[in-house]
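Engineer: this one's sequence-less:
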């Protein structure tokens, strides 16, 4: 672990402990949860090219609004992502072990418009941003390997382990579509299960996010895990700062 990552993790843990000593009024926390959901929806979907604004997403979910000049698929993706997040909150509430089954259930919720492939691993090879993910024949084995490994990382800090999980999942790219979205939902699920706040992967910072992902691709040399660990630690600290400001 580099000095930078060590300092960031220490700061995240210090602020986590600080927040644990605070208390938010139930209505204040509910309002925060709602604001977070809309921000998460907007940013995670915008990273993938969804053209709905955050206000439009709020109108769709609260008022059943249809935005006439935006695509139907963008509307459906909002509902699918919302449903996946709600399912992930159940995983947190019941401390559900994250296995292949849970990941595929999240993907099924996400891709409600493509139920013939939702929750199913891809059966073809593909190229993503200049690199070739795991060949489809190896996806089932790699997913079993990944989900088993994440539960044996007792010597790693949760932020380190969760960042690595995200990198491996995106490298495997098990599904034909929706890998980034399901991966970000899983990051937040696992953070919450470890008593860290879910984070926002901001669309206006997506190049930094992509850079952290690409550092692990190996296209620029040896695969690097730490850039994503540093990136995630900074997101956690940012969200803890937002919560501490409310306390």
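Structural biologist: Okay, I see it. Note that the structure is a prediction, hence the values are computed from the model and not measured.
Engineer: make it CA atoms for all contacts and neighbour counts henceforth
Structural biologist: OK.
Engineer: Helix, strand, or coil at residue 155?
Structural biologist: coil (DSSP: H, G, I helix; E, B strand; the rest coil).
Engineer: Can you get me a residue count around it?
Structural biologist: Neighbours of residue 155 under the rule other CA atoms under 10 Å: 7.
Engineer: same check, this time on residue 100
Structural biologist: Counted with other CA under 10 Å, residue 100 comes out at 17.
Engineer: That one and residue 143 touch, don't they?
Structural biologist: Yes - the criterion here is CA atoms under 8 Å, and residue 100 meets it with residue 143 at 6.7 Å.
Engineer: ok, now how distant is the nearest residue to residue 167 once chain neighbours are set aside from residue 70?
Structural biologist: Leaving aside its sequence neighbours, residue 167 sits nearest to residue 213 (CA to CA, 6 or more residues apart in numbering; 6.4 Å). Distance from residue 213 to residue 70, counting by CA to CA, to the nearest Å: 30 Å.
Engineer: Could you do residue 229 as well?
Structural biologist: Counting by CA to CA - residue 229 and residue 70 are separated by 36 Å.
Engineer: So for the two, which sits in the more crowded spot?
Structural biologist: Higher neighbour count among residue 229 and residue 70: residue 229, with 25 against 13, using other CA under 10 Å.
Engineer: does the more buried one sit in a helix or strand, and which one?
Structural biologist: helix 226-246 (DSSP states H and E).
Engineer: Excluding its own residues, what touches that helix? List them.
Structural biologist: Residues outside helix 226-246 that contact it (CA atoms under 8 Å, 6 or more residues apart in numbering): 1, 4-5, 8-9, 11-12, 15-16, 19, 22, 24, 28, 159-160, 163-164, 167, 196-201, 209, 212-213, 215.
Engineer: at 7 Å instead, please
Structural biologist: 5, 8-9, 12, 15-16, 19, 159-160, 163, 197, 199, 212-213, 215 (CA atoms under 7 Å, 6 or more residues apart in numbering).
Engineer: Likewise for stretch 50-68?
Structural biologist: By CA under 7 Å, 6+ apart, stretch 50-68 touches 38, 39, 42, 70, 74, 78.
Engineer: hmm, try it at 10 Å
Structural biologist: 34-35, 37-46, 69-79, 82 (CA atoms under 10 Å, 6 or more residues apart in numbering).
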